[in-house]
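Turn this into a structure:
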Amino acid sequence: MNTKRIIFSSITILLTVFWICFIFSNSAESAEESSSKSESVQEIVNEVIEAVGGEGNVTEHTVRKFAHFFEFAVLAVLFTADLLSLGLIPFPLRKNRSLLWFIPPLILSVALATADEYLQSFSEGRGPSAKDVGIDSLGALCGLCLSFLLILFVSILYSNKKTNKTKKSIKTHS
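Next comes the predicted model:
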């Protein structure tokens, strides 16, 4: 691996570890602490919605479930960045390439979602929820789809740039 790839890999892996710690720290909070955070976010979201002319009726429950979804969508994007930085996802993407790279980050995300919910059982006033594991898993799946679309988009740009360079080179030598 070259130096740039080592640095990129180190950064993505550190960000992933940081994000996992962030997720687990949220789960380690008591029900009261977690509820207080959710209520603060709920107030901000409702104020923003009202400021743009809508009805600010987002509930704390909605905020909590969206937080689950968002945490694991970001985690899946980070796992994808880890795989890319380590060269385990083919880049640029080409036709007839396997999408099996999609499976490990999804399995890891679901496993961490399960562990996260189990961790909550040790927090005062909180407990595990299979529904939340499902929401986390759906967030991870959406994060992986977003990752795939971004990789595909960049692959197309990369291929077009390479094609344009080749055409210029051919014209120059003609």
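
Now do the lowest-mean-pLDDT helix or strand in the chain: which elements does it pack against?
Taking mean pLDDT, DSSP states H and E as the measure, the helices and strands of the chain show their lowest mean at helix 130-173, namely a mean of 84. Helices and strands touching helix 130-173, as assessed by 3 or more Cβ pairs under 8 Å, 6 or more residues apart in numbering; DSSP states H and E, comprise helix 60-85, helix 103-120. Yep, even glycine has a C-beta here, placed from its N, CA and C like the rest.

now those helices as a markdown table including mean neighbour count?
Shown next, in a markdown table, are the helices and strands packed on helix 130-173 (neighbours: other Cβ atoms under 10 Å):
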| stretch | mean neighbour count |
| --- | --- |
| helix 60-85 | 20 |
| helix 103-120 | 18 |
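
List just the one of these that sits closest to residue 157.
Taking Cβ to Cβ as the criterion, residue 157 comes closest to helix 60-85 out of those, the separation being 15.1 Å.

what about the closest one, average pLDDT?
Here the mean pLDDT over helix 60-85 is 95, rounded to a whole number.

quick thing: my sequence starts at 173, can you match it?
With 173 as the first residue, the last one maps to helix 232-257.

centroid residue for this structure?
Nearest to the mean C-alpha position of the chain, by Cα atoms, centre = their mean, lies residue 246 at 2.0 Å.

For residue 192, see how far away it is.
Distance check for residue 246 against residue 192: by Cβ to Cβ, to the nearest Å, it reads 11 Å.

Residue 202: neighbour count?
With neighbours defined by other Cβ atoms under 10 Å, the count for residue 202 comes to 12.

Over to it: give its phi and psi.
Backbone torsions for residue 202, taken as degrees, to the nearest 10, come to phi -70, psi 170.

Could you pull up the contacting residues of it?
Residues in contact with residue 202 (Cβ atoms under 8 Å, 6 or more residues apart in numbering) are 295-298.

Of those - the most surrounded one?
By neighbour count, taken as other Cβ under 10 Å, the most surrounded of those turns out to be residue 298 (20 neighbours).

Pretty sure that residue sits against residue 291.
No. Applying Cβ atoms under 8 Å, one finds residue 298 not in contact with residue 291, separated by 9.2 Å.
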